[in-house]
Each structure stands twice: as structure tokens, then as C-alpha cells.
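Asks: My questions are about this predicted structure, shown below with the sequence.
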Amino acid sequence: DGGITQSPKYLFRKEGQNVTLSCEQNLNHDAMYWYRQDPGQGLRLIYYSQIVNDFQKGDIAEGYSVSREKKESFPLTVTSAQKNPTAFYLCASSPGQERPQHFGDGTRLSIL
Amino acid sequence: AQSVTQPDIHITVSEGASLELRCNYSYGATPYLFWYVQSPGQGLQLLLKYFSGDTLVQGIKGFEAEFKRSQSSFNLRKPSVHWSDAAEYFCAVGSRSGYSTLTFGKGTMLLVSP
């Protein structure tokens, strides 16, 4: 079945540590997105990518980095510069304009 | 800049009663509009979308939504709520210019009472 796979489901970060969240899709979608979700805040866009080797900052990119070396993969790194990383992170993909986004099941990141 | 307001943080509805979740958007032209649903600890599932044409759109699970340009609204409705509908609902707006990213509302949590 086609879909978006996020791993791990739960992740713990120590102080000063970078962690990477994985997002893989087999839907052959061009665009991929990373969102952060906090209780009562809805979803906020971190980064997005329309094509391989290209990505743009969203509304809350500070303290995060991404790469898009393959169409299927869009990993998100939460760096030590992100002082409040505890949140639920959602990855999404879309085939393009006028098409809705499809979401993975998320990764919950917590601080040890 | 586009924005979405969902005025109700929580709504409680009795099972079998009708439901309406409100969504107001701010955008300079006619946007793309979406409703998504999220169960606890899960990702978002698309309920329905409006791109153009008929302003009353039908979605999955018996949901519908009506686009009202004059009121900048896209309210979600269901005639009879089931206990399994308890979840968080998000309205989102997308731009028609350039490549579309979505702006989400803060969500409405639906509780269903017996």
C-alpha cells in the first residue's frame, strides 16, 4: 500500500543533542512538508520541498534543518539550537498544485 | 497573509445529534479549502476539499461542508454524529498563487456524549 512512513514513533533527545526524524513516501509525490504540532496550536509549517535538492523555510524553521536528496525521503533534523523541541512532528506529501496533502502518523519528540 | 480561525476549541454533541464546526478564513481571493480529522496520536486524514464549482462539498464518513464566499466561511456539518466521530478537526486554507502551502486553524476538539 502507498503511504508515508515516519520513524521512530517516539524519540527522546538529550540536552545539546541533534536528532533526526525520518519521513519516507512511496506515493511518487513531488512535494513534501514538515509540520510541528503543539497542543492548542494547530499545525505550523517548518520546511517544505517541491523537488529534489530544493527546499524552503516555513514559518518556524529556526533550530531545524532538512535535506531532500531523494524524491522519496525528507528527513528533519532537530538541532541543539531548538530550545523547545518537545512536540508532535508530522510529515506530509502532495502530488502538486490543487491536490491535498497526505500525512504520516507522526513522531513524538520529548526531552530527557 | 492567509489565516484560518476555528472559533470553538471544544464542542460536545450528543450521539445522534447534528454537528456544525465553524471555520473562517482570511485570504484575498478564492482559496483552496480543506477539512482534516485527527485521532489521538495519529496523523491527519482528509475529510473533504473545496477547489471550485459547487459550494456544497461532500466528504467521507457522511461529512459535508459549504463554502460561503460572502462570509469567508467553510463550515463542516454532519446530520447525525456517531461516537467514533470524537476527534480533533482542522480547517486549512491553501493559496491558488504559486505553489500551495497550507495554513491550518488551531483545531476543534469534538466530544460525543452518550
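Replies: Perfect, I can see it now.
Asks: For chain A, which residues are neighbours of chain B?
Replies: Residues of chain A lying near chain B by Cβ under 8 Å from any Cβ of the partner chain: A:4, A:6, A:31, A:33, A:35, A:40-45, A:48, A:50, A:58, A:90, A:92, A:94, A:97-98, A:100-106, A:108. Yep, even glycine has a C-beta here, placed from its N, CA and C like the rest.
Asks: Narrow the residues you listed to just the buried residues.
Replies: Taking 16 or more other Cβ atoms under 10 Å in any protein chain shown as the criterion, what is buried in the residues of chain A next to chain B is A:4, A:6, A:31, A:33, A:35, A:42-45, A:48, A:50, A:58, A:90, A:92, A:94, A:100-106.
Asks: Below-threshold pLDDT in chain B: ranges please.
Replies: B:97-100 (pLDDT under 70).
Asks: what residues does it put near chain A?
Replies: Residues of chain B lying near chain A (Cβ under 8 Å from any Cβ): B:9, B:32, B:34, B:36, B:41-46, B:49, B:51, B:90, B:99-102, B:104-107.
Asks: so who does the residue lying closest to A:K14 once chain neighbours are set aside touch?
Replies: Nearest residue to A:K14 in three dimensions, chain neighbours excluded: A:L112, at 5.1 Å (Cβ to Cβ, 6 or more residues apart in numbering or on different chains). Applying Cβ atoms under 8 Å, 6 or more residues apart in numbering or on different chains to A:L112 gives the contacts A:F12, A:R13, A:K14, A:E15.
Asks: Settle this for me: B:S3 is touching B:G28, isn't it.
Replies: No - between B:S3 and B:G28 there is no contact under Cβ atoms under 8 Å: 11.5 Å.
Asks: Just the element for the residue nearest to the spatial centre of chain A, please.
Replies: Taking Cα atoms, centre = their mean as the criterion, A:W34 is the residue nearest the geometric centre of chain A, at 3.1 Å. Assigned by DSSP states H and E, A:W34 belongs to strand A:31-37.
Asks: contact partners of that strand?
Replies: In contact with strand A:31-37 (Cβ under 8 Å, 6+ apart) are residues A:21, A:23, A:25, A:43-50, A:58, A:60, A:64, A:66, A:68, A:74, A:76, A:87-96, A:101, A:106, B:99, B:101, B:104.
Asks: Please name the strands paired to the helix or strand just after it in the sheet, noting orientation.
Replies: Sequence-wise, the next helix or strand downstream of strand A:31-37 (DSSP H and E) is strand A:43-51. Strand pairing for strand A:43-51, using DSSP bridges, gives strand A:31-37 (antiparallel), strand A:54-57 (antiparallel).
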